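In: Take a look and give me a structure for this.
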Amino acid sequence: MEVHRLFFALMPDAAICERLAAVAAGLKAARPGLRARWIHPDRYHVTLHFLGDHASLRPSLVDGAKAAADKVRATPFTWTLDTATSFRGREPPCVLQGVETCEPLQQLWQALGKALALAVHGVRLERNFTPHVTLAYSHGAMLPELAVEPVTWPVTEFALIHHVVGQGAYQTLGRWPLLDS
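Out: Alright, predicted model coming up:
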């Protein structure tokens with residue numbers, strides 16, 4: 001049975017993916033004992049809002065999500081990722097995040113969440129947001145918090161992503177530019 005995953009995300013361009021992959025390679029080299037399943041760079045993203053796993057991709061859900069995204073107004077911003085760490089879990093994710101809170105990113109998340117709450121019924125949205133890029137899933141060990149070579153990401157858009165779990169690449173269902181006022 002197929003599982004259709006739907007989420008809003010920031011998707012890095014090729015240059016940022018390359019920089020993120022370099023950080024991941026540096027972590028692998030610095031932590032040779034870290035047994036982990038490393039994420040392929042074409043899967044790097046920042047989840048803004050997870051809209052669930054579904055047995056099929058419902059057009060009403062996609063249409064509602066797109067309608068919500070159409071209502072979001074935000075300006076481009078720069079986000080710096082400079083810290084590697086792990087989150088707790090059965091397979092602790094090794095992530096890259098910013099040591100400083102990125103207010104424009106938080107505001108984008110809030111604006112999209114408010115629009116989704118009005119436009120999409122039956123989807124449970126997270127109440128907290130810890131922006132990060134997952135680089136790997138560890139087989140038990142956790143990374144201590146480590147400073148890494150900063151990756152400065154100019155954020156200019158967000159996207160609605162569909163993925164059939166266990167199959168192929170992400171499918172972009174829509175992109176929304178962040179525009180200067």
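In: Any idea how far apart the tips of stretch 117-125 sit?
Out: Using CA to CA, to the nearest Å, the end-to-end distance of stretch 117-125 comes to 8 Å.
In: Can you list the buried residues in it?
Out: Neighbour counts using 16 or more other CB atoms under 10 Å place A119, V120, V123 of stretch 117-125 among the buried residues. (C-beta placed from N, C-alpha, C; glycine too.)
In: So the second one sits against L61, correct?
Out: When you say that, I think you mean V120. Yes - using CB atoms under 8 Å, V120 is in contact with L61, at 6.6 Å.
In: Common neighbours of those two, please.
Out: In terms of CB atoms under 8 Å, 6 or more residues apart in numbering, V120 and L61 are both contacted by the residues L51.
In: Find the centremost residue of the chain, please.
Out: With distances taken as CA atoms, centre = their mean, V46 lies nearest the centre of the chain, 1.5 Å away.
In: The buried residues of stretch 117-125 in helices, which ones?
Out: For the buried residues of stretch 117-125, the ones inside helices are A119, with DSSP state H as the criterion.
In: Any chance of TSV for the buried residues of stretch 117-125, columns pLDDT and distance to P32?
Out: As requested, the buried residues of stretch 117-125 are exported to TSV (pLDDT from 0 to 100; distance: CB to CB, whole Å):
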residue	pLDDT	distance to P32
A119	91	48
V120	89	45
V123	77	41
